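Asker: next one to model:
(one chain, ligands or ions: 1)
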Amino acid sequence: MEFNNVYENAKRAESYSKLQFPGTYYLAYRDIPGLLLKHVKGRKAIDFGCGTGRSTRFLQKYGFDTIGIDISEEMITKAKEIDPIGDYRLIKNNNFEQLEKNYFDLVFSGFAFDNIPNTANRIQILKELGSLINNNSRIVLLESTPEIYIYEWLSFSTKNFPENRKAKSGDKVKIVMTDVEDKRPVEDIIWFDEDYLDLFSKSDMLLIDTRKPLAKPEEPYQWINETKIAPWVIYVFKKLS
Ligand SMILES: C[S@@+](CC[C@H](N)C(=O)[O-])C[C@H]1O[C@@H](n2cnc3c(N)ncnc32)[C@H](O)[C@@H]1O
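Answerer: Numbers count the residues shown, from 1 in each chain. Sure, this is the predicted structure:
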């Protein structure tokens, strides 16, 4: 299957670089600090798929020493522009050689696996990420649930893509981000819960915690489906020692 990472694009990178944590994104990151506090010891962090550095700067705010890595030169360029003293690195062909092995306490990834096709490729990446951490470290993946692609949300629209309803893990789906200037549909890869669990076991990882955050009516947003249906899933896991 042909799949192009939409983030390898200057216009998309420019648009994404202005994104903070509005609406549905607030919900995505709301529970992350508590999970990091509960599960992660140590401060050395990799932000895999750091994009323009929004998630990396989020980790910095909670005291982590970060290296942001991404496959998109356009996104990394923007990250460095916004945070010139931050450490942001381009990685290509799943080659993590520039990073120290068994060194990091945390690998965080926000929405990168939503853009990664092919089971074997995903397993290879998870194994490579596993080689960067030690037996006490944690990997935290924050990703889209399959439901995000079939309902309407404060920060996303999918109503023009009814074909998303038939998609299976690994298929391409489309979604429009409504908080950014660039309203061209984003092409993502959908992945169901049971297939994430299968990926973790095939990558020699042990799942420790899972969350599907729901919004609360008292939060200061005009939630659409966020109080009833979870648009995001968070997996916390470690490598099998
Ligand atoms: C939706 S953006 C999220 C950026 C950031 N984590 C955030 O929350 O703001 C997903 C990022 O994952 C990156 N990505 C996709 N495939 C990747 C890969 N194989 N290796 C590293 N980064 C990848 C994309 O280039 C893009 O910058």
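
Asker: can we go C-alpha only for contacts and neighbour counts from here?
Answerer: Will do.

Asker: residues of this structure that sit close to the ligand?
Answerer: 7, 48-51, 54-55, 70-72, 75, 109-112, 115-116 (Cα under 6 Å from any ligand atom).

Asker: if you set the cut-off to 5 Å instead, what comes out?
Answerer: Neighbours of the ligand within the chain, by Cα under 5 Å from any ligand atom: 7, 49-51, 54-55, 70-72, 110-112, 115.

Asker: mind putting the residues you listed in CSV, neighbour count included?
Answerer: Shown next, in CSV, are those (neighbours: other Cα atoms under 10 Å):
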residue, neighbour count
Tyr7, 22
Gly49, 25
Cys50, 28
Gly51, 30
Arg54, 20
Ser55, 22
Asp70, 24
Ile71, 21
Ser72, 23
Gly110, 22
Phe111, 21
Ala112, 21
Asn115, 20
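
Asker: which two of the residues you listed have the greatest separation?
Answerer: Within those, Arg54 and Asn115 form the most distant pair, 16.8 Å apart (Cα to Cα).

Asker: which outside residues touch the longest helix along the chain?
Answerer: As assigned by DSSP state H, the longest helix anywhere in the chain is helix 119-132. Residues from elsewhere that reach helix 119-132 (Cα atoms under 8 Å, 6 or more residues apart in numbering): 94, 96, 99-104, 107, 113, 116, 170, 199-200, 202-204, 239.

Asker: name only those of the residues you listed that count as buried.
Answerer: The neighbour-count test (16 or more other Cα atoms under 10 Å) marks 96, 99, 104, 107, 113, 116, 170, 199-200, 202-204, 239 as buried among the contacts of helix 119-132.

Asker: ok, so of these, who is nearest Ile139?
Answerer: Of the buried ones among the contacts of helix 119-132, the one sitting nearest to Ile139 (Cα to Cα) turns out to be Val107, at 4.7 Å.

Asker: contacts only, for that closest one.
Answerer: Applying Cα under 8 Å, 6+ apart, the residues contacting Val107 are 45-48, 129, 133, 138-140.

Asker: who touches stretch 108-116?
Answerer: 5, 45-50, 55, 122, 139-144, 187-191.

Asker: same thing with stretch 2-11?
Answerer: 12-13, 51, 71-75, 115-117, 172, 182, 186-187.

Asker: stretch 18-26 now?
Answerer: By Cα under 8 Å, 6+ apart, stretch 18-26 touches 29, 54, 153-156, 179-180, 221, 223, 226, 231.

Asker: buried stuff in that stretch?
Answerer: 21, 23-25.

Asker: now render those as CSV, adding pLDDT, secondary structure and distance to Ile85.
Answerer: Output for these, formatted as CSV (pLDDT from 0 to 100; DSSP: H, G, I helix; E, B strand; the rest coil; distance: Cα to Cα, whole Å):
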residue, pLDDT, secondary structure, distance to Ile85
Phe21, 98, coil, 22
Gly23, 98, helix, 29
Thr24, 98, helix, 29
Tyr25, 98, helix, 25
